[in-house]
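Undergrad: Let me see the structure of the following:
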Amino acid sequence: RKSDVSGSIVSVKPDALNAIPTTSISEMLRGKASGVQITTESSRPGGTSNILIRGRRSLGAENGPLYVVDNVPVSNINDINAADIASLEILKDASSQAIYGARAANGVILVTTKRGTNGKVTVDYNGYSGVQQLKKNFSLYNGTDWANLRREAFRTENNGVYEDDESVFSSSGDIMLNALKNNTSIDWQKFMIRDAWSHKHDVSIRGGNEKTRLSASLGYFDQRGMVENSGFTRGTARINVDQTVSKKVSVGANLSYTRNKLNQEDGTLEEYLLTPPLAAPYDANGNLQLYVIGDNATTNPKFLNNQTLNETRSNRLLLNAFANFDLFKGFRYRINTAVNIRNHEGGTYRNKAYSKGSNSGNAASLSTGDYSDYLVENIFSYDREFNSKNRFDATFMQSIFKESYKTTSLSGSQLPSDLLSYNGLPSAQVLGTPSRNITERSLLSYMGRLRYTLMDKYLFTLTSRIDGSTVFGDNNKFGIFPSASFAWKIEQEEFMK
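TA: Numbering: from 1, shown residues only. Model prediction:
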């Protein structure tokens, strides 16, 4: 019972999460739980946020919490559709590490997805559409103010004597001087940043009977970037099934699939902040041009962005199957298994027209990653209620977890054609050094927990977990994580009534 919990747990209602239209569940948690700090990692479409529970514990190692979805540890909570969440709980104290082991040193976030219920079949749809607008950003100089500052700079270099505008603004051609005379300065911020639409759609069907319960859902999210050629799309699908085989046996399965695509802008985009407003982004024919003030050095950030392709595709499949057995009065056994497969492919390409400093066009890179893990848990539990005020329960768990991550990357330049973009890497005249990395980890765990409720007032909990991991040192392959907690329901005392 929730009233018998003695650890530090914060619950966040699903309605509170879905009140904020964002791709990141971590961002949805901002301001929803005390002791939980959310910092933005990236503001581009599909960007994520970092979660810190009760502060930072390490200067160099990972500080993020462990995510557990439907009793299965996962590495990325943002692959889950927020519309599928039935409950979200945050474990913040030492007892979380005693339950979930070494990976829970930074806290635990527990997510339970929606399941089918006995009764009438229900079909739900939820969607929204919105627009992102830049309300306030940098205050940039207009053409007149910038021209005055340039005149002052030349005066300082000329021993306090002002020079004529032809000398000040024609050093690299007539573009700046003509823009000044014609009052045709450009606001680079408005030129580069646009309004961006986003929309999200979720449809679900849930129902069942006394034997079989089913929940299925589909979701789609599309977020355009405020910079051209940037955006993020995500499609999700989920099926949760519960089957009652007999009075003593029940089984279930959860299957989820997520597909993401991210397009990013050129990495030099922020240089528009330093580009003079007295410039010509278009040539005489109305086409974007590379150099904007005629000096063959100051480049057009929009032109470079249009010559760049930077995209990443990822797929994730998670299958979880479990079975529950009521052995005899008070004793239960549960086997929980999961297979998680995730892969991604990221490619970049700069076409022939791209030129920025030492970066020239016809350059490409390609990286791929394949991740997989599996989990097997055996859980034995016993609970006994002596009377309405005294209860005891015990849980013992043994689990095996193994993960593998393989990455490959390749780069090259002087590709003969723009036609294939980064897919033409095999024909590159200059190839970089390819790289290949393989990481494998295994975890063997044992956990035990004892809880006793005395007189419905005093709660005692003892928990310990033993983790044996391949990433631990040779002389310390196993770590022990114990905890003890006590809670007092003081409102049950006579002097408080």
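Undergrad: any chance you could map the helices in the stretch 251-400 of the chain?
TA: Assigned helices in the stretch 251-400 of the chain, in chain order: 301-306 (criterion: DSSP state H, counting those that start in this stretch).
Undergrad: Excluding chain neighbours, what is closest to the residue of the chain most remote from its centre?
TA: The outermost residue of the chain, judged by C-alpha distance from the chain's mean C-alpha position using C-alpha atoms, centre = their mean, is residue 161 at 56.7 Å. Residue nearest to residue 161 in three dimensions, not counting chain neighbours: residue 155, with 6.5 Å by C-beta to C-beta, 6 or more residues apart in numbering. For every residue, glycine as well, the C-beta is placed using N, CA and C.
Undergrad: cool, and residue 177?
TA: Closest residue to residue 177 in three dimensions, ignoring its sequence neighbours and counting by C-beta to C-beta, 6+ apart: residue 169, at 4.2 Å.
Undergrad: which residues sit in contact with the residue nearest to residue 161?
TA: When contacts are counted by C-beta atoms under 8 Å, 6 or more residues apart in numbering, residue 155 is found next to 161, 162, 163.
Undergrad: do the same with residue 310
TA: Counting by C-beta under 8 Å, 6+ apart, residue 310 touches 263, 264, 265, 266, 267, 346, 347, 348, 349.
Undergrad: Which helix or strand contains the residue farthest from the centre of the chain?
TA: With elements taken from DSSP states H and E, nothing contains residue 161; it lies in neither a helix nor a strand.
Undergrad: do the same with residue 222
TA: Secondary structure assignment for residue 222, by DSSP H and E: strand 212-224.
Undergrad: and the end-to-end length of stretch 62-79?
TA: With C-alpha to C-alpha, to the nearest Å as the measure, stretch 62-79 spans 19 Å from end to end.
Undergrad: Check residue 4 and give its pLDDT.
TA: Turning to residue 4, the model gives it a pLDDT of 49.
Undergrad: For residue 305, which non-adjacent residue is closest in space?
TA: Distance criterion C-beta to C-beta, 6+ apart; nearest residue to residue 305, sequence neighbours excluded, is residue 266 at 4.3 Å.
Undergrad: Spit out the contact partners of that neighbour.
TA: Applying C-beta under 8 Å, 6+ apart, we find residue 266 in contact with 301, 304, 305, 307, 308, 310.
Undergrad: Residue 252: which of those residues is nearest?
TA: Relative to residue 252, the closest of these is residue 310; by C-beta to C-beta it sits at 41.0 Å.
Undergrad: If I look at residue 15, what pLDDT would I see?
TA: The per-residue pLDDT reported for residue 15 equals 76.
Undergrad: what separates the host helix or strand of it from the chain centre, distance-wise?
TA: Assigned by DSSP H and E, residue 15 falls within helix 14-17. In this view, helix 14-17 has its centroid 18 Å away from the chain centroid, taken as C-alpha atoms, centre = their mean, to the nearest Å.
Undergrad: Repeat that for stretch 121-131.
TA: Its chain's C-alpha centre lies 22 Å from the corresponding centre of stretch 121-131 when counted by C-alpha atoms, centre = their mean.
Undergrad: what does that stretch rub up against?
TA: Stretch 121-131 has contacts (C-beta under 8 Å, 6+ apart) with 18, 21, 83, 195-207.
Undergrad: and of these, the nearest to residue 489?
TA: Distance ranking of those against residue 489, using C-beta to C-beta, places residue 18 first at 33.2 Å.
Undergrad: contacting residues for the closest one?
TA: Contact criterion C-beta under 8 Å, 6+ apart gives 28, 82, 83, 126 as the residues in contact with residue 18.
Undergrad: Isn't the third one up against residue 217?
TA: The one in question is residue 83. Yes - counting by C-beta atoms under 8 Å, residue 83 sits close enough to residue 217 to count as a contact (6.9 Å).
Undergrad: Looking at the two, which one has more neighbours?
TA: Comparing residue 83 with residue 217 by other C-beta atoms under 10 Å, the one with more neighbours is residue 83, at 24 against 21.
Undergrad: element containing the residue nearest to that one when sequence neighbours are not counted, please.
TA: In space, not counting the residues next to it along the chain, residue 83 is nearest to residue 202; the distance is 4.0 Å by C-beta to C-beta, 6+ apart. Counting by DSSP H and E, the element that carries residue 202 is strand 196-208.
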